[in-house]
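Student: predicted model, plus sequence, below.
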Amino acid sequence: MPEGLGSATATPGQGALAALPDFVPVLIVGGGPSGLFLAADLDRRGVQSLVIEPRDAVDHTRPKAKTTNARTMSHLRRLGLAAPLRSAAPLTADYSEDVIFCSSLTGHELARFRNAFQLARGRYELQPECGQQVSQPIVEEVLRAGVDASPLAALATTLRVERIDAAPGRRPRALVVDEDGASRWVECEHLVGADGGSSLARHELGIAMEGGSAAKSNFNFLFRSERLAETIALDPAVQYWVLRPSAAGMIGRMDLEATWWVIIQNIEPDAHPDPAALVTELVGTDVDIEVIATDRWTARMLLAASYGRDGVYLVGDSAHLNPPWGGHGF
């Protein structure tokens, strides 16, 4: 174990600025799927790492990704995390493997894609693992548990990186700050920016993103409905794509209880959609609706001009932002 790392970094945890080492072989900025997966993967390769993440817990009202593809599930299998993720997922392939295009949820089926998103019952012949319908917060929680159980990986939450200092010929270092504003420098052999589309690591290196963004936004929302499941006139599906002039969009279950998600595309910048009215249009009749959270976002196709230098590397959304349609692999 390198000098200064010590057992205190095994579980630095919440607010543990004082427990951070002066040096760690790999410092990962950002504890989303890419950063957590990297830490778990490095552990399997005998490399020590520390993940700095501002969030103490993941937010289940912002479900983001809904599906993890077969390739990512096969990587998780290599880390021993595929089975725990399937156990944690509220929806299994036994519920549905299909995507249905329809006129409304009480209308007519127009087309059906079977085994969509590489979902399958039983053995999947094309990869060691099939895909899994599961929201990103659950994936992150399983990855967090995997990192917590790893002898060489550690996750420190409620801390953020405020500055990155990197130059040719010397080790990179990061200024880590806690919620009270106290700070300390942590030096590393390699620093990884897994800190999302607005990456500090990328900005500190002066690396530009190249590409473009959609002209209109998308409107996501999460809601509860006790009656919706019994109202739907179609077969179960992991997603329903509703093609309706008054409201075209996607809707699906988050779980087998009463939580649902919706994505409406091509929302004008100055529009203020009514979630309840949109659900009524997608379903084709009135149902009870309790909105949990709403989220507007814009699809982007952006690629970093470089993936790093001077011992600092970019991974995940810090390196490339892609529209989520058909990706499903983090």
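Tutor: Yep, that arrived. Numbering: from 1, shown residues only.

Student: helices along this structure, start to end?
Tutor: 33-44, 70-78, 82-88, 136-148, 200-205, 228-231, 275-283 (DSSP state H).

Student: any idea which of those helices gets closest to Ile292?
Tutor: Using CB to CB as the measure, helix 275-283 is the one of the helices of the chain that comes nearest Ile292, at 9.7 Å. In this view, the C-beta of every residue, glycine as well, is placed from N, C-alpha and C.

Student: what packs against that closest one?
Tutor: When contacts are defined as 3 or more CB pairs under 8 Å, 6 or more residues apart in numbering; DSSP states H and E, helix 275-283 sits against strand 217-224, strand 239-242, strand 249-253, strand 259-267, strand 290-297.

Student: partners of the first one, with directions?
Tutor: This points to strand 217-224. Sheet pairing for strand 217-224, assigned by DSSP bridges, gives strand 259-267 (antiparallel), strand 290-297 (antiparallel).

Student: pLDDT of the longest one, averaged?
Tutor: In other words, strand 259-267. Averaged across strand 259-267, the pLDDT comes to 93.

Student: related to what we said a few turns ago, reformat the strands paired with strand 217-224 as JSON lines; add mean neighbour count.
Tutor: As requested, the strands paired with strand 217-224 are arranged in JSON lines below (neighbours: other CB atoms under 10 Å):
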{"stretch": "strand 259-267", "mean neighbour count": "19"}
{"stretch": "strand 290-297", "mean neighbour count": "14"}
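
Student: of the ones you listed, which is nearest Glu210?
Tutor: Set against Glu210 and scored by CB to CB, the strands paired with strand 217-224 come closest in strand 290-297, at 20.1 Å.

Student: tell me what angle that closest one forms with helix 275-283.
Tutor: 90 degrees (axes from the mean of the first three to the mean of the last three CA atoms, to 10 degrees).

Student: give me the residues contacting strand 290-297.
Tutor: Outside of strand 290-297, the residues that reach it under the criterion CB atoms under 8 Å, 6 or more residues apart in numbering are 61-62, 217-225, 259, 267, 275-276.

Student: ok, 6 Å please
Tutor: Surrounding strand 290-297, the residues in contact under the criterion CB atoms under 6 Å, 6 or more residues apart in numbering are 61, 217-224, 275.

Student: just stretch 33-46 next, same as before
Tutor: Judged by CB under 6 Å, 6+ apart, the contacts made with stretch 33-46 from elsewhere in the structure are 26, 28, 49, 51, 79, 139, 143, 146-147, 150, 152-153, 194, 315-316, 330.
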